[in-house]
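> this is a predicted model, with the sequence first.
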Amino acid sequence: MAGIVVVFDFDKTIIDVDSDNWVVDNLGATDLFQRLLPTMPWNTLMDVMMKELHSQGKTIEDIKEVLKRAPLDPHVISTIKQLYALGCDLRVVSDANMFFIETILKHHGVLGCFSEINTNPSYVDEQGKLRIFPYHEFTISSHGCSLCPPNMCKGMIIERMLAEFGGEGTKKKQLIYLGDGKGDYCPSLKLREGDIVMPRKNYPVWELITANIKLIRAQVHEWSDFEEQQRILFKLIHHHCNSSSSSSSNGNSQCHFQTAAPMVSALPPALPVRH
Ligand SMILES: [Mg+2]
Ligand SMILES: [Zn+2]
């Protein structure tokens, strides 16, 4: 399945909440967050909130404990593990931050299944305070995309991936993109014919896509819950297996998934993580 790259948004696509809100709410800082939100970009505000929580005595361990409790449907874990075991290239593109994403994926034992996490950088400073920075340094220059927030244009990240796959001598790859939010619309517009976009039904990206479906070159497969997300992904990969097995000498050995797909628990466990 080296021919398939599955790109996941993180908040409300892998976990079932927004990780920024989850941390702020669970550490009792919702009021301050709401008060400051109209005054600065979201990503800047998250850095300010981490500073504020630190001054209130909240530690990195407190933040980690809250992140570990973030709701994550068990289907998502099995989806990630099985896609990885099948050799799919799994990546994250998210406007959360590296610390939140790594903490959660590591806690659920799937961090090593991802080859790339594209998100806002973050680190714990010498005082034990979490610092969060923009992916795109917008105070120096703008990324120039009017659809996206100043700190991150997910469409540019997808364009970079497509250029990487499309280079001369490289094998053609199919990209499957999953998302829910407004920020997932720009990357959806960049996908090519033959790619697939999976918007979460009744969420902002689904509203934007369905409002003018002609603008989307990729196939559109909506999903409502994480069981359906899994079912559609497995079906798409099954289909990819069938269509590519004739051109590949070992196509069938890669595709035992196709017979096991309806029996999720019978599939082999994930391979050991790489890091
Ligand atoms: Mg999201
Ligand atoms: Zn954009």
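Here it is on my side, so go on. Numbering: from 1, shown residues only. Ligands and ions are numbered 1, 2, ... in the order given.

> please count neighbours and contacts with C-alpha atoms only from this point.
Fine.

> ligand 1 contacts on the chain?
Asp11, Lys12, Asp180, Gly181 (Cα under 5 Å from the ion).

> tell me the one of the residues you listed nearest Leu147?
Gly181 (11.9 Å; Cα to Cα).

> next up, the contacts around the closest one.
Tyr203, Pro204, Val205 (Cα atoms under 8 Å, 6 or more residues apart in numbering).

> and stretch 23-32, which residues are buried?
Across stretch 23-32, burial judged by 16 or more other Cα atoms under 10 Å covers Val23, Val24, Ala29.

> next, the distance between the ends of it.
Stretch 23-32 has an end-to-end distance of 13 Å (Cα to Cα, to the nearest Å).

> pLDDT below threshold where in the stretch 51-200 of the chain?
Within the stretch 51-200 of the chain, the stretches with pLDDT under 70 are 167-171.

> up against ligand 2, what does the chain have?
Cys145, Cys148, Cys153, Gly155, Cys186.

> apply 8 Å and report the result again.
144-149, 152-156, 183, 185-187 (Cα under 8 Å from the ion).

> which members of those residues are classed as buried?
Cys148, Pro149, Met152, Cys153, Lys154, Gly155, Gly183, Tyr185, Cys186, Pro187.

> which stretches of the stretch 101-250 of the chain form strands?
114-120, 122-124, 130-132, 174-179, 196-199, 219-220 (DSSP state E, counting those that start in this stretch).

> OK, contacts around Phe133?
Asn43, Thr44, Asp47, Asn120, Pro121, Ser122.

> please pick the buried ones from these.
Asn43, Asp47, Asn120, Pro121, Ser122.

> related to what we said a few turns ago, in helices, which of the residues of the chain next to ligand 2 fall?
The helices, defined by DSSP state H, take in Lys154, Gly155, Met156, Tyr185, Cys186, Pro187 from the residues of the chain next to ligand 2.

> of those residues, which pair is most distant in space?
Largest separation among these by Cα to Cα: Met156 and Tyr185, giving 11.9 Å.

> circling back to that earlier point, show me which of the residues of the chain next to ligand 2 is closest to ligand 1.
Using Cα to the ion, Gly183 is the member of the residues of the chain next to ligand 2 that sits closest to ligand 1, with 7.7 Å.

> which non-adjacent residue is nearest the closest one?
Distances taken as Cα to Cα, 6 or more residues apart in numbering put Cys148 closest to Gly183, at 5.9 Å, once the chain neighbours are dropped.

> quick one, helices of the stretch 51-200 of the chain?
Counting by DSSP state H, counting those that start in this stretch, the stretch 51-200 of the chain has helices at residues 60-68, 74-85, 98-107, 154-166, 185-190.

> most packed of these?
Stretch with highest mean neighbour count among those: helix 185-190 (a mean of 21; mean count of other Cα atoms under 10 Å).

> list the contacts of that one.
147-148, 153-159, 177, 197, 205, 208-209, 215-218.

> against Leu32, how distant is Pro38?
11 Å.

> an error on my part: the question was meant for Thr119.
Taken as Cα to Cα, the span from Thr119 to Leu32 is 24 Å.

> ok, now Ser243?
Counting by Cα to Cα - Ser243 and Leu32 are separated by 53 Å.

> how about Phe165?
Where Leu32 is concerned, Phe165 sits at a distance of 44 Å (Cα to Cα).

> for this structure, longest helix please?
Max-length helix for the chain by DSSP H is helix 226-245.
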